[in-house]
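J.: Provide a 3D model corresponding to the input given below.
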Amino acid sequence: MVEKLTTINAARIREDFPVLKRYVNDKPLVYFDNAATSQKPKVVIDAIVRYYREYNANIHRGIHKLAEEATLAHEEAREKIAKFVNAKRTEEIIFTRNATESINLVAYSWGRANIRSGDKIVLTIMEHHSNIVPWQLLAQEKDAKIEFVKIDGNGELREDEVQELIDEKTKLVCVTHASNVLGTINPVKDIGRVAHRYGAMFLIDAAQSVPHMTVDVRDIDCDFAAFSGHKMLGPTGIGVLYGKCELLESMPPFLGGGEMIREVHTTGASWKDLPYKYEAGTPNISGAIGLGAAVDYLRGIGMRNVHDYEKEITSYALEQMKQVEGLAIYGPMDVERRVGVVSFNLGDIHPHDLASILDEEGVAIRSGHHCAQPLMEFLELPATSRASFYIYNTKEEVDVFINALEKARKLFAR
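T.: Residues are numbered from 1 along each chain as shown. Now for the predicted structure:
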């Protein structure tokens, strides 16, 4: 077991999340689907409601009081996020809809300007579809090649393949910081060094890491990082692309239209400075404000505390799950090498059936391929069940989860 190092009081934190008071099928809700989306604390909900109630207006365009207040709140949120990931400049934070759009922005704006026929893009077999499909589209268009770093029997990237696949032909390396299936925390700083040694750009999908641990983009030295607000206590429909300023300045716009332009004439147009060059049209103002409130909430707890508490819960869950007969767990068993995402299968019970049975007990988990079909094919699995934890989950909830698994096992053993 992990030594208790945290100051988190999960019972107290749970009071901040209205939805956790719900009952499902007459059972208290046990929400273990945090890798798909996290629940929202009252301060985030209130921040969004306050915007619509008190100063709803479009930003950057009006000089009236409401517009000024909305613009200030929106840009304050950007500053909070920049500090949260330790960006060098606030202008390096681009608001998008989600991590998927952030990655597509890089594929469209940087990729189409820089990838050529014969170039190589290196991914890993554990990537989410969001960090595969944009590169497949780009590679098909540009006649480039994609290669995948495989994993070992422990669910961790093979270092020998990292060294072997990244070479002089590599122009881009894209790696998930933490797997949404295996929970594996990848050594992105080391991989980035290899990429930069060959002059390749380095992008990390940080959707499963930024909500759960300290992520310092300058220390990692990634060129781009993508993450989503809804996985880190914020609202849906708001995401972030971090990019080094010199790269963002050199890239063409992603979308054209209002707000991203400096001037438009019949003969052409010029673009605004960063970050607005990549934020065409009216943005998700309330989403950015809500994400800013979520960052405040997480900073108030402390990301070291968040990570330590999740290790404690994950360690307890893994120990209990190992006692369930016929249950197979995928990914590292060492909680120092994983986030609180545990994929598993229970005997020959289909994951969808298992998820339905657990739902009857009030336990929410995820089932399916988790938008990671190449990984499932590599593991020779059609699907898995997945439990994922966050700061408001408790060991008592883990016990409910284990009891539900035992009920399912006995039901299908008849």
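J.: Could you pull up the residues touching the residue nearest to the spatial centre of the chain?
T.: Nearest to the mean C-alpha position of the chain, by C-alpha atoms, centre = their mean, lies residue 207 at 1.2 Å. The neighbourhood of residue 207, defined by C-beta atoms under 8 Å, 6 or more residues apart in numbering, consists of 99, 128, 130, 176, 180, 226-228, 231. Heads up, the C-betas are built off the backbone N, CA and C, glycines and all.
J.: Show me what counts as buried in the one helix or strand residue 161 maps to.
T.: Element membership for residue 161, per DSSP states H and E: helix 159-165. Residues of helix 159-165 classed as buried: 161-162, 165 (neighbour count, 16 or more other C-beta atoms under 10 Å).
J.: Name the nearest of these relative to residue 114.
T.: For residue 114, the closest of these turns out to be residue 165, at 19.0 Å, with distances computed as C-beta to C-beta.
J.: Would you agree that closest one is in contact with residue 122?
T.: Yes: contact status for residue 165 versus residue 122: in contact at 5.2 Å, counting by C-beta atoms under 8 Å.
J.: out of everything not next to it in sequence, what's closest to the residue nearest to the centre of the chain?
T.: Excluding the flanking residues, the one nearest residue 207 by C-beta to C-beta, 6 or more residues apart in numbering is residue 99, at 4.3 Å.
J.: Kindly report the same for residue 348.
T.: Setting aside the residues directly before and after it, residue 348 is nearest to residue 412 in space (C-beta to C-beta, 6+ apart), at 7.6 Å.
J.: neighbours of that neighbour, just the number please.
T.: Other residues within reach of residue 412 by the criterion other C-beta atoms under 10 Å amount to 16.
J.: Let me see the contact set for it.
T.: With contact taken as C-beta under 8 Å, 6+ apart, residue 412 is in contact with 347-349, 353.
J.: I'd say residue 113 and residue 252 touch.
T.: Yes: here residue 113 lies in contact with residue 252, judged by C-beta under 8 Å, at a distance of 6.2 Å.
J.: Between these two, which is the more surrounded one?
T.: Under the neighbour definition other C-beta under 10 Å, residue 113 and residue 252 were set side by side, and residue 252 has more, 13 against 10.
J.: So which helix or strand of this structure has the lowest pLDDT on average?
T.: strand 261-265 (a mean of 91; mean pLDDT, DSSP states H and E).
J.: roughly how far out does that strand sit from the chain middle?
T.: Averaged C-alpha coordinates place strand 261-265 at 35 Å from its chain's average position (C-alpha atoms, centre = their mean, to the nearest Å).
J.: Using the three-state scheme, assign residue 226.
T.: For residue 226, the assignment made with DSSP: H, G, I helix; E, B strand; the rest coil gives strand.
J.: ok, what's across the strand from it?
T.: Taking DSSP bridges, one finds residue 205, residue 241 as the beta-bridge partners of residue 226.
J.: and it, how many neighbours?
T.: Counted with other C-beta under 10 Å, the burial measure for residue 226 works out to 32 neighbours.
J.: now swap in the one 10 residues further on and tell me
T.: Taking other C-beta under 10 Å as the criterion, the count of residues near residue 236 is 16.
J.: Could you do the one 4 residues further on as well?
T.: When neighbours are defined as other C-beta under 10 Å, residue 240 has 30 of them.
J.: what do you get for residue 377?
T.: Other residues near residue 377 number 12, with proximity taken as other C-beta under 10 Å.
J.: hang on, it in a helix?
T.: Yes: secondary structure of residue 377 (three-state DSSP): part of a helix.
J.: Can you give me the distance of it to residue 342?
T.: Relative to residue 342, residue 377 is positioned 21 Å away (criterion: C-beta to C-beta, to the nearest Å).
J.: now do residue 303
T.: Here the criterion is C-beta to C-beta. By it, residue 303 lies 21 Å from residue 342.
J.: which residue ranges form the strands in the stretch 151-300 of the chain?
T.: For the stretch 151-300 of the chain, the strands defined by DSSP state E, counting those that start in this stretch occupy 170-176, 201-205, 224-228, 239-243, 261-265, 268-271.
J.: and the closest residue to residue 47 other than its chain neighbours, how far is that from residue 153?
T.: Of all residues beyond its chain neighbours, the one nearest residue 47 is residue 293 (3.8 Å), with distances taken as C-beta to C-beta, 6+ apart. In this view, residue 293 and residue 153 are 42 Å apart by C-beta to C-beta.
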